[in-house]
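# could you look at this predicted model? Sequence included:
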Amino acid sequence: MGRRQRNKQPAPDSLKQKSGHGINKGTDSRKPRPGKKVNGHAKKIVQPTEPEKISLFRDSDGEFEQDGLRLNFALVDERDEEFPDEESFPSNDEMDEVSDIMFSDDDGDLDLKYANMEAMSSRLDAKAQIEADEAEAELKTNIADKICVLPSEIEETTNLAPIQMRIQEISRILSDIKNFGEQGRSRSEYVLQIIRDISVYYGYSEFLAEKLFNMFSVQEAIEFFEANEVARPVTIRTNTLKTRRRNLAQALIARGVNLDPLGKWTKVGLQVFDSQVPIGATPEYLAGHYMIQAASSFLPVIALAPQPNERILDMSAAPGGKTTYIAALLKNTGCVFANDSNKDRAKGLVANIHRLGVRNTVVCSYDGREFPKVIGGFDRVLLDAPCSGTGVISKDPSVKTNKTEKDFIDLPHIQKQLILAAIDSVDASSKTGGYIVYATCSVTVDENEAVVEYALKKRANVKLVPTGLDFGKEGFVRFRGKTFNSKMNLTRRYYPHVHNMDGFFVAKFKKVENTPILVLDMNVEEQGQFDSDEDRKYILESLSRLRKRKGARA
Ligand SMILES: C[S@@+](CC[C@H](N)C(=O)[O-])C[C@H]1O[C@@H](n2cnc3c(N)ncnc32)[C@H](O)[C@@H]1O
């Protein structure tokens, strides 16, 4: 069994594991990866433990795209082939150092062999010692003497340790600036510096570092950034159309999979700690007995609470983790319309539907904004919206640097259009339903509370209702000077550092009347910072309907 497999993670709600280079783990004297700027904004730190080698494509919110060919999700580290004998494995620390050296500039061409492992290990020890000594000396000069160095004098270094120390130090100062702050230094100076340091240390653009930093207290922000450096647990969802969780667990345990129930909140989830077989290619996987699915991705479906025989729209469905869960809860009754505007991704959706034995689902590929013109009158609609992915940075670190200010204008814009289409596609007079669930795998307020607020302002025929999820943090009723609907606390937020699952947001609406009752609040446009022809058309249509209802001429 490979060392990677010993890397167990705790169950949700008990996040304890930190990455080896973590800020809470003492000094970090590692060098950044080749080709990254240190005193710029986008330097990346070396990950001491690489994520699991996963050959199956992982969707941004934790699903795995599967087109029938890419089935080889492997928990087994590729290096295992080099070290077939468990007894002769190097230790975790040794392997971390080996992975460092493999990524470092000057040692990139080293030919690592089992035979020269010991020599290399000694060399690494010596190198680590030199770096630690250098770091200590640097700290003495830069930090110990002055406690907190402002403005940045340590920026030019390639050594992250001083930056890490300064993050800790500023965090301490900001916890009680009156007592710990230097005279003449304002809070904003410290805040500016810590954001720059976070951006350098964790490898974020300064823009995103600031945006995410502003969502939390200083200490919690650091916990959030830290948690994004750690892979979330591998979780699977039992497909109850084909098996029961107990039977699935027994079958997988017999194959050498070490697993446990995911948590009290789900009867179908299992957490995989390690496995002697590739979890994406077991006979049970191929037979559709389970879906590899992030824990957070269960939540919107639990909130949607589909009832047998209902007609349900999954507006942005690929690759189908949630669609197939909906179908399972419907026990293959009723009808699911699984839509995704991206035709290529819809292929993975079709493959998953077949593998899992789903027989009540129609796959289509429209722009979600075209609903309900395509078809409407649904009992429930799930909108798992396209988003920036700030909740899934541990899976997709490219988010750290590739999201710009424009993304946080464009994405909320389309999310707002999609949410109105989702609301308008639901039949308020459904005997069993009349619900809409809005979800994203992002933690930003722009993509969550602000979108929900917009929907509430534009469609007074919906109201927020409890999600039915018995854990999760409340959505923001107030955020940085903005006040949202007083019921926003019914929405739920999930964080990697709190729940040990991907960052996620879930809101549930009940539609109370089919005709949109419009609140023509002129402030809405300003608050939402959004207006569009599409939206105007909806307003005019509903106004016309409203007038007709009142007997006036449209
Ligand atoms: C978060 S992913 C959905 C994940 C999916 N619900 C699941 O559980 O597997 C968002 C999806 O929205 C799709 N999408 C983006 N813009 C869309 C639009 N205008 N209409 C419908 N789908 C859209 C993307 O192709 C992407 O597959």
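Arrived safely, thanks for sending.

# partners of the residue in the stretch 451-554 of the chain that the ligand sits nearest to in the sheet?
The minimum distance from the stretch 451-554 of the chain to the ligand, using CB to the nearest ligand atom, falls at residue 504 (10.3 Å). In this view, the C-beta of every residue, glycine as well, is placed from N, C-alpha and C. With DSSP bridges as the criterion, the beta-bridge partners of residue 504 are residue 494.

# residue 372: how many residues sit nearby?
Counted with other CB atoms under 10 Å, the neighbours of residue 372 add up to 17.

# pretty sure it contacts residue 427?
No - between residue 372 and residue 427 there is no contact, the gap being 9.6 Å when judged by CB atoms under 8 Å.

# how close does the nearest residue to residue 300 once chain neighbours are set aside get to residue 298?
Spatial nearest neighbour of residue 300, excluding adjacent residues (CB to CB, 6 or more residues apart in numbering): residue 439 at 3.8 Å. Using CB to CB, to the nearest Å, one gets 11 Å for the distance from residue 439 to residue 298.

# between the two, which is the more surrounded one?
residue 439 (29 against 25).

# helix or strand right after the helix or strand hosting the more buried one?
Following DSSP states H and E, the helix or strand that holds residue 439 is strand 435-440. For strand 435-440, the succeeding helix or strand toward the C-terminus, using DSSP H and E, is helix 449-458.

# which strands and helices sit next to that following helix?
helix 407-424, strand 435-440, strand 462-465, helix 523-528, helix 533-549 (3 or more CB pairs under 8 Å, 6 or more residues apart in numbering; DSSP states H and E).

# ok, now with 6 Å
Using 3 or more CB pairs under 6 Å, 6 or more residues apart in numbering; DSSP states H and E as the contact definition, the elements that helix 449-458 packs against are helix 407-424.

# mind listing what's buried in the helix it packs on?
Of the residues in helix 407-424, 407-408, 411-424 count as buried by neighbour count, 16 or more other CB atoms under 10 Å.

# go on, stretch 216-225?
When neighbours are counted by 16+ other CB under 10 Å, the buried residues of stretch 216-225 are found to be 216, 218, 221, 222, 223, 224, 225.

# nearest to the ligand among those residues?
If you rank the buried residues of stretch 216-225 by distance to the ligand using CB to the nearest ligand atom, residue 224 comes first, at 20.5 Å.

# for the closest residue to the closest one other than its chain neighbours, helix, strand, or coil?
Leaving aside its sequence neighbours, residue 224 sits nearest to residue 497 (CB to CB, 6+ apart; 4.9 Å). State at residue 497, reduced to three classes by DSSP: H, G, I helix; E, B strand; the rest coil: helix.

# so who does residue 497 touch?
For residue 497, the contacting residues are 223, 224, 227, taking CB atoms under 6 Å, 6 or more residues apart in numbering as the criterion.

# any idea how far the ligand is from residue 375?
14 Å (CB to the nearest ligand atom, to the nearest Å).

# same question but for residue 166, I mixed them up
When CB to the nearest ligand atom is the yardstick, residue 166 and the ligand sit 36 Å from each other.

# from residue 176, how far off is that residue?
Between residue 166 and residue 176 the distance is 17 Å, computed by CB to CB.

# neighbour count winner among these two?
Per other CB under 10 Å, whichever of residue 166 and residue 176 has more neighbours is residue 166, with 25 against 9.

# so that one sits in a strand?
No - counting by three-state DSSP, residue 166 is not part of a strand but helix.

# contact partners for it?
residue 197.

# and stretch 349-362, anywhere near the ligand?
No - using CB under 6 Å from any ligand atom, we find that stretch 349-362 stays clear of the ligand, coming within 7.4 Å at best.

# ok, and what's touching that stretch?
In this structure, residues lying in contact with stretch 349-362 by CB under 6 Å, 6+ apart are 66-68, 239, 241-242, 288, 317-320, 324, 327, 332, 334-338, 363.

# over to stretch 305-315?
The list of residues contacting stretch 305-315 from outside it, by CB under 6 Å, 6+ apart, reads 323, 326, 329-331, 333-339, 368, 378-383, 422, 425, 432-433.

# pLDDT score assigned to the nearest residue to residue 210 once chain neighbours are set aside?
What sits nearest to residue 210 in space, not counting adjacent residues and going by CB to CB, 6+ apart, is residue 195, at 4.9 Å. Here the pLDDT value assigned to residue 195 is 98.

# distance check, residue 195 against residue 481.
19 Å.

# comparing these two, which residue is more hemmed in?
More neighbours surround residue 195 than the other of residue 195 and residue 481, with 22 against 5 (other CB under 10 Å).

# show me what the one helix or strand the more buried one maps to is packed against.
Using DSSP H and E, residue 195 maps to helix 187-202. Taking 3+ CB pairs under 6 Å, 6+ apart as the contact definition, the neighbouring helices and strands of helix 187-202 are helix 161-175, helix 206-213.

# tell me which of these lies nearest to residue 460.
Counting by CB to CB, residue 460 lies closest to helix 206-213 out of those; the figure is 30.6 Å.

# what mean pLDDT does the closest one get?
Taken as a whole, helix 206-213 has a mean pLDDT of 98.

# just stretch 512-530 next, same as before
This predicted structure assigns stretch 512-530 an average pLDDT of 56.

# then stretch 388-407?
Model confidence over stretch 388-407 averages 98 on the pLDDT scale.

# cool, and stretch 358-368?
Averaged across stretch 358-368, the pLDDT comes to 98.

# cool, and stretch 326-333?
If you average the pLDDT over stretch 326-333, you get 98.

# quick one: it near the ligand?
No - contact check for stretch 326-333 against the ligand, using CB under 6 Å from any ligand atom: none in range, with a minimum separation of 9.6 Å.
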